[in-house]
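> When you get a sec, could you give me coordinates for this:
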Amino acid sequence: MIEPDTPGAHTPDADAPGGGGTVELLHDAERPGAWTLLIDGILQSEVDLADPRHLEIEYMRRLGHLADLAGPTAIPLRVLHLGGGALTLARYVAATRPGSQQLAVESNATVAALVSQRLPLTRPGRRRPGQTPAGQSPSGQTEPGQTEPGGTRPGTGEITVLVADARAALERLPGGSFDLLVVDVFAGARTPAHLTSVEFTVAGARVLAPSGIYAVNVGDGPPLTHARGRVAAVRSVFAHVCVLAEPPVLRGRRFGNLVVVASDRELPVSGLIRRIAADPFPARLVEGAALDQWAAGCAPIVDAHAEPSPAMPPEVFA
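Below is the predicted model:
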């Protein structure tokens, strides 16, 4: 049962940077530590503060599997999250890979501030001695465009939140500085056009280490033209690519989420197949010749012709 949390609901000024729309946090009465983030009534994130290893949303669970398999068990990773939301995956990585260094880029300043205030990464007073809060410089001044989520639990590493456009932030970051890049950006229910192209994917590849993994959440439905164009864009940049989704979504029978995973090294395909097949809503993995056939005839999306991802049909919210 989901209940509204009145103190957490906020309607930002539509003219403010990163504003526009109603941002709400809803409390799950059946899971005392669980919260759902919505913008204009559209689900953005679900997080369990009491158990950050619990991933309720199916596509987020698949991203969690990928984070588990991105390197040796429990070894810290350098992770870039484009799309912060409630920091669900960042909290998961912090819990499963203590010591990981993570940067979450969130374009909506209201979301970043509300999550920082209502769903802090740690309790006040629990910061390690000498630790600089996320988003703050050693001098104690908050850096421009960053929030101050309050530090992290001892031993969990750092999660820094940067308020900025995802592509603009990506283009400013040093090359080769991340092991895993997760792109999960939606303005309401659609991914902005400038985050869907070959050029954007090239910028993502640049910030990854040579063995780094790129993952993007794509929302699409019949006839999957957008998703196939996104996959073609990723395949034009990376040597190894696979797609994870539920069979009805892969077959273009209904709207849903497709997770596209890519790298210039061999992907952990066998591990992913085992894990996604055992999920409550089992998914399939498509790669190689099967992916050639699935994406056949679709040209890669480029900046000059990019469009936002398709809007979700009304029945998705029913």
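
> make it CA atoms for all contacts and neighbour counts henceforth
Will do.

> Mind jotting down where the strands sit in the chain?
With strands called from DSSP state E, the chain shows them at 2-4, 23-28, 34-39, 42-48, 78-82, 101-106, 158-163, 178-183, 208-220, 240-245, 256-263, 284-287.

> check contacts around the residue nearest to Val198 when sequence neighbours are not counted.
Leaving aside its chain neighbours, Val198 sits nearest to Ala233 (4.8 Å; criterion: C-alpha to C-alpha, 6 or more residues apart in numbering). Residues in contact with Ala233, defined by C-alpha atoms under 8 Å, 6 or more residues apart in numbering, are Ser197, Val198, Thr201, Ala299, Pro300, Ile301, Val302.

> Identify, from these, the entry nearest to Arg78.
Thr201 (18.4 Å; C-alpha to C-alpha).

> and the closest residue in space to that closest one that isn't next to it in sequence, how many neighbours does it have?
Sequence neighbours aside, Val234 is the residue nearest to Thr201 in space, at 6.3 Å (criterion: C-alpha to C-alpha, 6+ apart). Using other C-alpha atoms under 10 Å, Val234 has 31 other residues around it.

> Tell me which residues touch Val234, please.
Val198, Thr201, Val241, Ala262, Pro300.

> which one of these is nearest Leu224?
Pro300 (13.3 Å).

> thought the closest one was touching Ala232?
Yes - using C-alpha atoms under 8 Å, Pro300 and Ala232 qualify as a contacting pair, with a distance of 4.5 Å.

> Now Phe255: closest residue in space, sequence neighbours ignored.
Phe255's closest residue in space is Gly221 (C-alpha to C-alpha, 6+ apart), at 3.7 Å.

> do Pro282 as well
Leaving aside its sequence neighbours, Pro282 sits nearest to Ile276 (C-alpha to C-alpha, 6+ apart; 5.6 Å).

> so how far is Gly99 from that neighbour?
Distance, Ile276 to Gly99, using C-alpha to C-alpha, to the nearest Å: 26 Å.

> can you pull the pLDDT of Val182?
pLDDT, Val182: 98.
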